[in-house]
Structures are given as C-alpha cells and as structure tokens.
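Trainee: My questions concern the predicted model and sequence given below.
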Amino acid sequence: DAGVIQSPRHEVTEMGQEVTLRCKPISGHDYLFWYRQTMMRGLELLIYFNNNVPIDDSGMPEDRFSAKMPNASFSTLKIQPSEPRDSAVYFCASSLGGINSPLHFGNGTRLTVT
Amino acid sequence: GDSVTQMEGPVTLSEEAFLTINCTYTATGYPSLFWYVQYPGEGLQLLLKATKADDKGSNKGFEATYRKETTSFHLEKGSVQVSDSAVYFCALRDYGGSQGNLIFGKGTKLSVKP
C-alpha cells in the first residue's frame, strides 16, 4: 500500500499564475477529500468526492478554486488565478465508505504564492 | 451540525509526565471518533479510533475512551516522550450532520521537554 500520493511536494508561484495540485488516492477507496491548512484558520475542508462525484464543495473559498476527479485514481485541485492568501499546505485524503473508516492523508503540498 | 471541541494549546510537559488532552463532541447521529497526530512537516496520521460507546482506542501508549454519556473522547498517555511532540486532532465521522465527512477539532500542540 503506497498510501495517498500528492504532487508536487512544494510549489512556489507568482500571483496570477495557475496552480494545479495532484492526488492519487489509495486503491479501492471511494471517498476523496481536499483540505487546506494554515496557521490562522487551521484545517479546512475544501471539497470531497464519493465515487468520483463531488458531494460537498461548500468549503471551496471562491470561483478561483476548482477540483476534479476524472477517475477513481486521480484528482486535481486547481487555483486560477492564484493569490498570496492562497499560500497554505493542501492535503488530500482518501477513505473507504462507512463512518468507522479513518481518512488516510497524503504528505501535503506546500504552496507559496508570491 | 456536528462539531468537535478540544482544549486550547499549546501544552508543554516534561518528559515522563502524564498527558490529557480533552475532547468533546456534538453529533446528530452515532459517530465514530478518532485521534490524529501531525508531526512537523508531515500529514495527519491516524493515532487511534473508537466506534461505539465505552470502546477504548489505544496505540503507542495513547488511549481514549468513547464516553457517550459525557460526549467525550479524551486522549491520555501515562508517560510522554520528547518524540510525542506534535499537534493532536480529535475528529468524528457521522452520516448525520456531517454527511460522512470527518469533522476536526482545532488541534492541540504538545511540546515535551527533556
């Protein structure tokens, strides 16, 4: 089991540029979550998918953010255009269904927008 | 909706001291409860879980008991080590108010001094 894989590990970009974060969930997991973590706001759920379908995107901060899950083994979170306040660590997590199932987190992507 | 409240940090202890981190929850259904740990620069890792009342989750010397009557899931360890320095998150998963999402507390930072 390779765990949840996120790329890139670090991303530095200039304000106004497009940023794409990638996630490969654990094989067989049917839930996928995107979180953002900052010192000021802590852990925030952005969006989550069940069987590749977005279930709740109420945490997506604004239209600049979009997420897709074209298949069971891949998801992207895109920010266009990026702003300095988007600087954070973005985590992807996956899980099986059922409330007894824990989420398994990737190591995160540290995004810095200058 | 569902929510998790955990004690504010930071918590600073000497090595071999006893640790308690309080966690209480509000849920519309019958949730499963989790503790996660985040070491510096890493993602969140599952520490332990409990899925029904009076269950005790345990791992690496940490324990927490699911107390339905007090809606609590306090984390304890009898003798902390410097290597336990991390941020600890209490969380619940419930198909009621949270629609299967994992609801996190704000996290408690623990620093253990030699």
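Mentor: In hand now; what should we look at?

Trainee: For the rest of this, base every contact and every neighbour count on C-alpha atoms.
Mentor: OK.

Trainee: check contacts around the residue most central in space within chain A.
Mentor: Nearest residue to the geometric centre of chain A (Cα atoms, centre = their mean): residue A:34, 3.2 Å. Residue A:34 sits next to A:45-48, A:77, A:90-93 when contact means Cα atoms under 8 Å, 6 or more residues apart in numbering or on different chains.

Trainee: Can you tell me which of the residues you listed are buried?
Mentor: Among those, those classed as buried by 16 or more other Cα atoms under 10 Å in any protein chain shown are A:45-48, A:77, A:90-93.

Trainee: Disregarding residues adjacent in the polypeptide, which is nearest to the residue of chain A found nearest chain B?
Mentor: Closest to chain B within chain A is residue A:107: 4.4 Å, counting by Cα to the nearest Cα. Excluding its sequence neighbours, the residue lying closest to residue A:107 (Cα to Cα, 6 or more residues apart in numbering or on different chains) is residue B:43, at 4.4 Å.

Trainee: Measure how buried the one you found is and give me the count.
Mentor: Residue B:43 has 21 neighbours, counted by other Cα atoms under 10 Å in any protein chain shown.

Trainee: For it, give its distance to residue B:9.
Mentor: 19 Å (Cα to Cα, to the nearest Å).

Trainee: Isn't residue A:87 up against residue A:109?
Mentor: No: in this structure residue A:87 lies outside contact range of residue A:109 using Cα atoms under 8 Å: 10.3 Å.

Trainee: And these two? Which one has more around it.
Mentor: residue A:109 (22 against 19).

Trainee: Residue ranges in chain A under the pLDDT threshold?
Mentor: Along chain A, the model assigns pLDDT under 70 to residues A:1.

Trainee: and chain A, which of its residues are near chain B?
Mentor: Residues of chain A that fall close to chain B, judged by Cα under 8 Å from any Cα of the partner chain: A:42-43, A:48, A:91, A:98-100, A:102-108.
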